[in-house]
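Trainee: what would the 3D arrangement of this be:
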Amino acid sequence: MQLFPTLCSFGAAQKVTGSKHLITSITGEKILLDCGLFQGEGKDSDEMNRHWGFEPREIDYVILSHAHIDHTGLLPKLVKDGFTGPIFCNSGTKDLCEIMLLDGAFIQKSDLKRVNKRRLEKGQPTIEALYDEDDAFQAISQMSVVDNGKPFKVGDSTWVTLILNAHILGSAAIHMKLLPLEGDAITFTFTGDIGRDSDQILDGPFPFPQSDYILCESTYGDRLHSVNEDVKDQLLKIVHETCVEKGGKVIIPAFSVDRTQELIYLLDQLSFEKALPTIPVYIDSPLSVKATNIMAKHQEEFNPEILQYIIKDGNPFDFPQLHYVSKVEDSKAINTHEGPAIIISASGMAEAGRIKHHIMNNIENPNNTIIIVGYATPYTLAGQLIQGKEEVRIFGDLFQVNARVERMGNFSAHADYLEMIDFLSCQKIEDVKKVFLVHGDTDVMDIFAEKLKNKGFKKVNKMIWGEPVELR
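Mentor: Modelled structure (predicted):
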């Protein structure tokens, strides 16, 4: 029996994605915080997603911070490889996982069909999917719903509380009380991805209890979101310039959860105010359609502003020009539409799904605009567009970037460094023994670490993949 619990990261350690953080209790129980997919790492992503660094059969429990695929996407593979224990999460996260994990299985299947065809043509061996739909269903069946803000026991020596943090529906910081062999309980909090108090839809983020150790995300640890631009006015300006003045299309890659719903809500407001031009708005993603329905059912997480708007307008995710598209044939038909339109489709990094087809069909037309509304790693299609690449490869073919590319960072669901520091301000800094940084690029972590030290946090370290640290 060890004297103190330990923490070890097997994902998002000096990387932005792939969240997997292993707590080992003094009684040897292994508690995995998140089980995410590595994304946006180019050719390395597949190899990274096939190797755990630990034995799945030895994991006793999983606790989820939220449903994003870089935090949950390897749950079906974990189950496939031998994990049989419970997966603790709140109801919003479970509802989203039920659609997102199955969607992940479907995307893998369709993408690998195309990839393996090319590999066979080159005489290369085919690639096996990480998991299939049966594995996803099994993972979902192992999920155990817990209430936000109410402590629950995990194993023999650990108490856990989920505290909503406004990143997406159901997203929460994970606060833990870990018993050492002797002495007082050790308090530990994994922030998960920290949301913003300016979120259009969600309430929070809420303060978390005093902690000895904090495992903190650092995605935007080197930047500030603009406070000068009103996103609604900015979006309307781009739509008017593109669709009214040029007769073109606005293409928006957007994550199916939260980002898409924020965009719909803003467009709903513009429609209600009679400011939105009379053009069709397509939400072209079966996952986005389902996620919007789930979001509408969880008003207990909504902020006061949208609740007031609902009283005035009714459904904040529906207006006359809006068309939800699920069928493949209807998606293909959008590209034959010759007039102006707004097309919102997943994925947010434009790495998979129908959005790649829409970008491919519209990127060479200078009358069109592509709006990037969130974080994208450099290797992804969205990331290359942000970098200003004049030519990009889509489905193996090169396309000239003639369309206008705009960045709207204020749509980000990630807190910037001031917002993250504000989130941590609920803590009595002198009582925090150490802050561990994850979910960020190395250079960004260095910058954020200095900012935290300047605020009084004594010790700020970057987690190293596979290297355990003792929580004493």
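Trainee: pop the domain breakdown of the protein in here.
Mentor: Listed by automatic domain parsing, the domain ranges of the chain are 6-223+413-470, 231-411.
Trainee: could you pull out the buried residues of stretch 444-462?
Mentor: By 16 or more other Cβ atoms under 10 Å, the buried positions in stretch 444-462 come out as Val444, Met445, Asp446, Phe448, Ala449, Lys451, Leu452, Phe457, Val460, Lys462. Placement of C-beta: from N, CA and C, glycine included.
Trainee: show me which pair in these is furthest apart.
Mentor: Maximum pairwise distance in the buried residues of stretch 444-462, criterion Cβ to Cβ, is 16.6 Å, between Val444 and Phe457.
Trainee: just to revisit the earlier point, any chance of the domains of the chain in CSV, with mean pLDDT too?
Mentor: Shown next, in CSV, are the domains of the chain (pLDDT from 0 to 100):
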stretch, mean pLDDT
domain 6-223+413-470, 94
domain 231-411, 94
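Trainee: out of the buried residues of stretch 444-462, which are inside helices?
Mentor: Among the buried residues of stretch 444-462, the members falling in helices (DSSP state H) are Val444, Met445, Asp446, Phe448, Ala449, Lys451, Leu452.
Trainee: show me the contacts for the fourth one.
Mentor: It stands for Phe448. If you count contacts by Cβ atoms under 8 Å, 6 or more residues apart in numbering, Phe448 has them with Ser218, Gly221, Asp222, Tyr417, Met420, Leu437, Gly440.
Trainee: if I look at the closest residue to the second one other than its chain neighbours, how far off is Val438?
Mentor: Excluding its sequence neighbours, the residue lying closest to Gly221 (Cβ to Cβ, 6 or more residues apart in numbering) is Phe448, at 2.7 Å. In this structure, Phe448 and Val438 are 11 Å apart, going by Cβ to Cβ, to the nearest Å.
Trainee: that older thread, which of the contacts of Phe448 sits closest to Gly149?
Mentor: Nearest to Gly149 among the contacts of Phe448, counting by Cβ to Cβ, is Met420 at 21.3 Å.
Trainee: so what's the residue positioned nearest the centre of the chain up against?
Mentor: Among the residues of the chain, His68 comes closest to the average C-alpha position under Cα atoms, centre = their mean, at 4.0 Å. Neighbouring residues of His68 by Cβ under 8 Å, 6+ apart: Gly36, Met100, Ile168, Asp193, Phe255, Val257.
Trainee: give me the phi and psi for it.
Mentor: phi -50, psi 140 (degrees, to the nearest 10).
Trainee: before we move on, what about Pro76?
Mentor: As for Pro76, its main-chain torsions (degrees, to the nearest 10) stand at phi -60, psi -40.
Trainee: please tell me how far it sits from Gln387.
Mentor: Pro76 is 33 Å from Gln387, by Cβ to Cβ.
Trainee: between the two, who's got more neighbours?
Mentor: Using other Cβ atoms under 10 Å as the criterion, Pro76 and Gln387 rank with Pro76 on top: 27 against 11.
Trainee: against Thr126, how distant is that one?
Mentor: Going from Pro76 to Thr126 by Cβ to Cβ gives 20 Å.
Trainee: and Glu305, how many neighbours?
Mentor: So Glu305, with other Cβ under 10 Å, has 12 neighbours.
Trainee: gap between it and Gly149?
Mentor: According to Cβ to Cβ, Glu305 and Gly149 sit 22 Å apart.
Trainee: what sits against Leu287?
Mentor: So Leu287 contacts Ile99, Met100, Asp103, Ser256, Ala346, Gly353 (Cβ under 8 Å, 6+ apart).
Trainee: helix or strand: which one has it?
Mentor: Using DSSP states H and E, the element containing Leu287 is helix 286-297.
Trainee: tell me the helix or strand right after that helix.
Mentor: Trace forward from helix 286-297 with DSSP H and E and the next one is helix 304-313.
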